[in-house]
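A.B. asks: Requesting a structural model of the entry that follows:
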Amino acid sequence: MFCLPYAGGGASAYTGLLRELTDLTVVPIQLPGRENRIAEPPAFTIQEIADEIAPATDAPYLLYGHSMGARIAFEVARELRRRGLPGPAGLYVGGAHPPHRKVPLAASADLPDDAFIDQLVRRSGALPELKHVPELRELLLPVLRADFAWIKNYRYAPEPPLDCRIVAFTGLDDGEVGAEEMLGWARHTTAGFHLRTLRGGHLFVKDRPADLAALVTADLTGRHAPPEPDEVHLWLDQDSGPASRDRVLRHYDGQATITVSHADGLTLLAAAAGPEVGAAVLRAGHSATLSPPPHSPPPHPSPPHPTTALSGSPGETAQRGMAELSAAEREQIEDAAEQDRQWLALRAVAAKRALLAADGQGADPALAGFPDLADPGPWRAQGGPGLDRLARWRVVHLTLHTSRGEALAAVAVPYDRVRLRFDMPAEQAE
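C.D. replies: Here you go, the predicted model:
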């Protein structure tokens with residue numbers, strides 16, 4: 001497994017994985033300007049890194065990249081494909097925005113030194129000593145500047161998706177790249193996409209190597225443990241037959257509670273350790289855009305009015321979807337800009353269905369509501385008379401990129417934060 005480092009990091013970032021993955025040959029790639037290559041200018045090209053890996057491609061191999069390294073690993077895989085060389089058996093990406101999206105932190109590359117370092121420490125887990133230790137600052141700042149210049153200048157060029165599976169890892173406490181952002185990597189494979197959430201922040205590869213190694217091992221062996229108390233396993237498939245879904249159900253027989261949602265050719269299964277979990281999936285209209293940048297206003301894709309796109313299952317009418325919303329929710333949608341209404345309606349209906357699936361007591365959906373449909377979430381419900389119990393759930397939204405187009409999932413759980421495990425078989429990836 002060839003490993004590419006995060007911005008400012010060196011091969012030593014993978015010392016923990018070297019120690020933990022004893023059945024796998026871990027090969028950290030040392031980029032120029034760091035550690036034992038400190039005397040070299042901190043610049044690199046994708047072609048140079050591909051040259052280093054190319055001789056080993058005649059045997060099965062994997063690529064792992066963390067943060068900046070994920071984008072590098074992705075481009076290396078595409079460069080090797082251009083050369084006609086065998087691709088990796090899998091691409092592992094940790095704590096990284098998908099290549100077609102901009103990296104918000106890259107904007108800090110133009111800041112003065114003190115402000116630049118402050119952003120890295122606060123948002124990406126960089127060493128706090130960078131603020132106060134002049135020797136460390138002098139050593140690492142040129143590398144950090146060069147790496148963030150590379151990130152800022154990176155431009156994604158569309159090519160066919162990779163034909164290897166992509167497994168994405170995210171830290172539960174990573175405020176920069178969460179599960180919703182990591183799901184965007186599904187666009188870039190035709191061989192299946194998987195997401196794993198582990199405890200830790202942005203630099204979990206260095207801080208929690210044993211947890212990461214356990215997830216890598218589970219991926220390679222196919223032996224996955226049942227969900228832990230704060231974890232939900234989501235599994236998405238086409239409605240092409242029950243056999244694969246039955247395998248999932250048998251896997252969790254007696255070990256987890258299963259919730260199932262269907263939406264016009266898609267099936268979403270949610271497995272959780274406790275009985276109180278709900279999930280829902282909705283197909284989006286062809287012109288819908290469901291992926292607004294984090295903490296920004298909704299996108300403006302000029303979709304049709306929401307009453308033309310709420311087809312959660314074959315034959316379901318849009319009016320039925322809108323009827324599930326409370327008066328306050330419908331008012332929010334009507335007061336929004338026309339180009340935002342479909343997005344808000346989809347979020348509200350998906351969240352409502354997940355919430356009521358978790359509640360399981362047949363409440364009138366119009367009597368429960370969410371105060372701000374544009375809030376990135378997690379959402380907390382507000383119940384009408386006799387529905388105070390609904391306030392105990394949190395609802396998380398997830399944008400899913402499938403071969404049938406974009407879909408929106410919502411998951412309701414009775415705790416503040418949830419570790420998500422997500423699997424999408426090969427026929428679902430774009």
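A.B. asks: When you work out contacts or count neighbours from here on, use the C-alpha atoms and nothing else.
C.D. replies: Fine.
A.B. asks: Contacts only, for the residue most central in space within the chain.
C.D. replies: Among the residues of the chain, the one closest to the centroid is M182, at 2.2 Å (C-alpha atoms, centre = their mean). Neighbouring residues of M182 by C-alpha atoms under 8 Å, 6 or more residues apart in numbering: 95-98, 168-170, 195.
A.B. asks: One more: I151?
C.D. replies: Applying C-alpha under 8 Å, 6+ apart, we find I151 in contact with 68, 103, 106.
A.B. asks: Report the buried residues of the one helix or strand it maps to.
C.D. replies: In this assignment (DSSP states H and E), I151 forms part of helix 134-153. Residues of helix 134-153 classed as buried by neighbour count (16 or more other C-alpha atoms under 10 Å): 137, 140-141, 143-152.
A.B. asks: Stretch 362-371: how far from the chain's middle?
C.D. replies: Distance of stretch 362-371 from the chain centroid (C-alpha atoms, centre = their mean, to the nearest Å) equals 29 Å.
A.B. asks: as a whole number, average confidence for that stretch?
C.D. replies: The average pLDDT within stretch 362-371 is 86.
A.B. asks: first to last residue in it, what's the distance?
C.D. replies: Terminal residues of stretch 362-371 lie 21 Å apart, using C-alpha to C-alpha, to the nearest Å.
A.B. asks: now swap in stretch 396-413 and tell me
C.D. replies: From its first residue to its last, stretch 396-413 covers 8 Å (C-alpha to C-alpha).
A.B. asks: And stretch 247-259, by the same measure?
C.D. replies: 15 Å.
A.B. asks: Show residues contacting it.
C.D. replies: Residues outside stretch 247-259 that contact it (C-alpha under 8 Å, 6+ apart) are 226-227, 269-275, 277-279, 357.
A.B. asks: again, only this time at 6 Å
C.D. replies: Outside stretch 247-259, the residues that touch it by C-alpha atoms under 6 Å, 6 or more residues apart in numbering are 269-273, 275.
A.B. asks: Which stretches in the stretch 251-400 of the chain count as strands?
C.D. replies: Assigned by DSSP state E, counting those that start in this stretch, the strands in the stretch 251-400 of the chain fall at 257-263, 266-272, 278-283, 368-369, 379-380, 382-383, 394-402.
A.B. asks: residues near the closest residue to D416 other than its chain neighbours, how many?
C.D. replies: Once flanking residues are discounted, D416 sits nearest to R394: 6.4 Å by C-alpha to C-alpha, 6 or more residues apart in numbering. R394: 23 surrounding residues under other C-alpha atoms under 10 Å.
A.B. asks: average pLDDT for stretch 16-29?
C.D. replies: Per-residue pLDDT over stretch 16-29 has a mean of 95.
A.B. asks: Pull out the buried residues from it.
C.D. replies: For stretch 16-29, the neighbour count (16+ other C-alpha under 10 Å) marks 16-18, 20-21, 26-29 as buried.
A.B. asks: sorry, back to before: ok, of the contacts of I151, which one's closest to P376?
C.D. replies: Nearest to P376 among the contacts of I151 is V103, at 18.0 Å by C-alpha to C-alpha.
A.B. asks: about what we covered before: rebuild the contacts of M182 as JSON lines, extending it with neighbour count.
C.D. replies: Shown next, in JSON lines, are those (neighbours: other C-alpha atoms under 10 Å):
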{"residue": "G95", "neighbour count": "29"}
{"residue": "A96", "neighbour count": "27"}
{"residue": "H97", "neighbour count": "25"}
{"residue": "P98", "neighbour count": "24"}
{"residue": "A168", "neighbour count": "29"}
{"residue": "F169", "neighbour count": "27"}
{"residue": "T170", "neighbour count": "32"}
{"residue": "L195", "neighbour count": "24"}
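A.B. asks: Deepest-packed of the strands of the stretch 251-400 of the chain, please.
C.D. replies: strand 278-283 (a mean of 30; mean count of other C-alpha atoms under 10 Å).
A.B. asks: Can you list the strands that it pairs with?
C.D. replies: Using DSSP bridges, strand 278-283 pairs in its sheet with strand 405-413 (antiparallel).
A.B. asks: Relative to I53, how far out is R81?
C.D. replies: The spacing between R81 and I53, counted by C-alpha to C-alpha, is 12 Å.
A.B. asks: Neighbour count for the two, which is higher?
C.D. replies: When neighbours are counted by other C-alpha under 10 Å, R81 and I53 differ, and I53 comes out ahead with 18 against 15.
A.B. asks: Name the residues that touch the strand or helix carrying that one?
C.D. replies: Using DSSP H and E, I53 falls within helix 46-53. The contact list for helix 46-53 (C-alpha under 6 Å, 6+ apart) reads V76.
A.B. asks: wait, which of the buried residues of helix 134-153 is closest to M424?
C.D. replies: Using C-alpha to C-alpha, I151 is the member of the buried residues of helix 134-153 that sits closest to M424, with 28.5 Å.
A.B. asks: what's the burial count for T197?
C.D. replies: The number of residues packed near T197 is 23, by other C-alpha under 10 Å.
A.B. asks: SS state for it?
C.D. replies: Under the three-state scheme (DSSP: H, G, I helix; E, B strand; the rest coil), T197 adopts strand.
A.B. asks: dump the residue contacts of it.
C.D. replies: By C-alpha under 6 Å, 6+ apart, the contact list for T197 reads 169-171, 419-420.
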